[in-house]
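Peer 1: Kindly generate the corresponding structure for this input.
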Amino acid sequence: MAINNKIAAVLLVVYTVVAAANVAAELQRFDHHPTKPDGSLDIMVVGDWGRRGLYNQSDVAFQMGKMGEKLDVDFIVSTGDNFYDDGLIDDEDPLFVESFSQVYTAASLQKQWYSVLGNHDYRGNVLAQLSPVLTQRDSKWLCLRSFIVNSGIVEFFFVDTTPFQDKYFTDDDHKYDWRGVLPREEYLSNVLKEVEMALEESSATWKIVIGHHTIFSAGHHGNTQELVDQLLPILEAKEVDLYINGHDHCLQHISIPNSQIQFLTSGAGSKAWRGDINEWDTNQMKFYYDGQGFMTLRITEVEINVAFYDVFGKILHEWSTKKYTHMDS
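Peer 2: Predicted coordinates:
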């Protein structure tokens, strides 16, 4: 896994900069190109998982391993809330190994993991979770605030969504690690500018944005109004194809009228909230499942195929879309 050595070196630089100051810069970019002869890319997405294998986390991981082998996945995406309940204490916290390395043990899952932070991760030592020491402990681990993974035909834009939510800054019940985020207004402004610029400059056929928090959801947390107001207009204007999130502990697919964006939730990596669903327009709600599971994406130059799986490996919902480039006309 030569890519991991490069990532470890890059992470060390990034971590040093972030720890020193909150500096506006271009989003960090990682190249992860398809290796299959036909140029296709297979991705697995899981979120809200880190519970030492409990709450069916190990069962989901087992099915991920089986499907990962079948699909020969290129990499895995984590939509955040990687370690419950309060993130990591430091970069030597045994929770990292107990909830990650000792759970996702299948050979097919020993690929690169690209992870964003969730609100529970912000309750711990954020810099520890971003530390290159974790990559040294387990070479498949990579977690940054906001960054890009370039796979040629598709670019993945990972966005740090937790600082957008007002309620976390007035929450008296929990303490959040805002190092590197304050002053908040400047941080959010920089994130939005960086994402907008990166989307504008992208020449990829497909643009996929990944964040922890929902934009639209019928689940427990519901819509995230701050993202609807601040991030969504950018995603619409820059013709993003998919927005993928965790946060709500479910599997979900929402399609909004007059929007090209499909809103996909994969936050069912461990503890689920049975029966916790709010009313939603049935024409927009293409799929909702309140149990554990994960999601896969198969991406080619002209097509994306999405599939949601439950804890038994059964396909619950599939969706696909095609995009014909000028070369196909």
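Peer 1: isn't there a strand covering V209?
Peer 2: Yes. With DSSP: H, G, I helix; E, B strand; the rest coil as the criterion, V209 is part of a strand.
Peer 1: who's it bridged to?
Peer 2: F157, Y243 (DSSP bridges).
Peer 1: That one: what's it in contact with?
Peer 2: Contacts for V209 were tallied using CB atoms under 8 Å, 6 or more residues apart in numbering; they are F156, F157, F158, V159, V195, L235, V240, L242, Y243, I244. Placement of C-beta: from N, CA and C, glycine included.
Peer 1: Out of the residues you listed, give me the one that has the most neighbours.
Peer 2: Among those, the one with the most neighbours (other CB atoms under 10 Å) is F158, at 31 neighbours.
Peer 1: ok, that residue touching V149?
Peer 2: Yes. Judged on CB atoms under 8 Å, F158 makes contact with V149 at a distance of 7.2 Å.
Peer 1: quick one: common contacting residues for the two?
Peer 2: When contacts are counted by CB under 8 Å, 6+ apart, F158 and V149 are jointly contacted by Y114.
Peer 1: what's the spacing between the residue positioned nearest the centre of the chain and F169?
Peer 2: Nearest to the geometric centre of the chain sits T79, at 2.9 Å (CA atoms, centre = their mean). Distance, T79 to F169, by CB to CB, to the nearest Å: 22 Å.
Peer 1: same for the strand or helix carrying A128, what does it pack against?
Peer 2: Assigned by DSSP states H and E, A128 falls within helix 126-130. Helix 126-130 sits against helix 2-20, with contacts defined as 3 or more CB pairs under 8 Å, 6 or more residues apart in numbering; DSSP states H and E.
Peer 1: ok, and for the next helix or strand after the helix it packs on, which residues are buried?
Peer 2: Note on helix 2-20: by DSSP H and E, the next helix or strand toward the C-terminus is strand 28-31. Neighbour-count burial for strand 28-31 flags Q28, F30 (criterion: 16 or more other CB atoms under 10 Å).
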